[in-house]
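**Q** from the sequence below, what's the structure:
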Amino acid sequence: MKHRLRFVGMSLFTKALLVMILGVSLTAWSETTWKEEVQLHDDQKIIATRTVERGGRSELGQQAPIKHQSLAFALPATNEQVVWQDKFAEDIGGANFLPMQLGLYQGSAYVVAYPMGCLSYNKWGRPNPPYVVFKYQSRSWQRIPLQELPAVLTAPNLIFSSPDTEAKKLGHSLISAEEIMRLNSVHTQPEHRTIRREPIKTDTFQSLVICDEMVFYKGTWVGPGDSIGKRMMDRRSK
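**A** Predicted coordinates for the structure are as follows:
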């Protein structure tokens, strides 16, 4: 497993001292790369290489947010090398997703991703269940409706929460399918344990479906009916 960490500007000791004295935040960058053994629906296994890059400001003792991530693998039938990427998004200040599942079915590849927080959830149309699904076709990734995800693809098979942190804790470069299953088994939300097809009730605790509705307006997020907030942004943009 490869892991690099760089603090911008001054030394870690100096920055930590400034944080303790002044309460300022850190600007850090790190990149972690590891491999996961992905258990497919038909009991086959493939190896996927994951890279997570973190960057931006964070408080002392906290990680910087995920800035960019990728998932690379080979299609078994053709050995074509495929890469799914989640790039930095200015409107949410980081990457968009937590990938949950890599599926292969009838020669096509699918990625099921969970929006990374309420801003991403609003950006991607507030789907319920809260998944964004991608299909690899014609040598590119396209978003598809959840209804078009093959019914046999039901089980999350990627490290879901803080994947780079969990990979570093395990301490080896290849994470087995059994280890991934064990890590994912601690999640209690039903939509984290299986790929649900029916809408989730809005009173479900900790689900993204309870996020306040927001729209991105002239560089900031406001409520759809927030006329005061929109007028303030109108004034700033003049």
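**Q** for this structure, just list every one of the helices.
**A** Secondary structure of the chain (DSSP state H): helices at 12-22, 118-123, 163-170, 177-184, 190-193, 227-237.
**Q** now mean pLDDT, mean neighbour count and distance to Ala48 too, for those helices, in CSV please.
**A** All C-beta atoms are positioned from the backbone trio N, CA, C, and that covers glycine. Shown next, in CSV, are the helices of the chain (pLDDT from 0 to 100; neighbours: other CB atoms under 10 Å; distance: least, CB to CB, whole Å):
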stretch, mean pLDDT, mean neighbour count, distance to Ala48
helix 12-22, 50, 12, 32
helix 118-123, 97, 21, 22
helix 163-170, 96, 18, 11
helix 177-184, 97, 16, 10
helix 190-193, 94, 17, 19
helix 227-237, 80, 12, 41
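**Q** Arg54 is nearest to which of the ones you listed?
**A** helix 163-170 (7.3 Å; CB to CB).
**Q** tell me which of the helices of the chain lies nearest to Ile66.
**A** Going by CB to CB, the one of these nearest Ile66 is helix 163-170, 7.9 Å.
**Q** report the angle between that closest one and helix 177-184.
**A** 120 degrees (axes from the mean of the first three to the mean of the last three CA atoms, to 10 degrees).
**Q** which secondary element of the chain has the worst mean pLDDT?
**A** In the chain, the helix or strand scored least confidently by mean pLDDT, DSSP states H and E is helix 12-22, which has a mean of 50.
**Q** ok, and what's touching stretch 48-61?
**A** 16, 19-20, 25-36, 38, 63-73, 88, 93-94, 102, 158-159, 163-164, 167 (CB atoms under 8 Å, 6 or more residues apart in numbering).
**Q** who are the contact partners of the closest residue to Met181 other than its chain neighbours?
**A** Closest residue in space to Met181, ignoring its immediate chain neighbours: Gln39 at 7.3 Å, by CB to CB, 6 or more residues apart in numbering. Under the criterion of CB under 8 Å, 6+ apart, the neighbours of Gln39 are Lys45, Ala155, Asn157, Ala177, Ile180, Met181.
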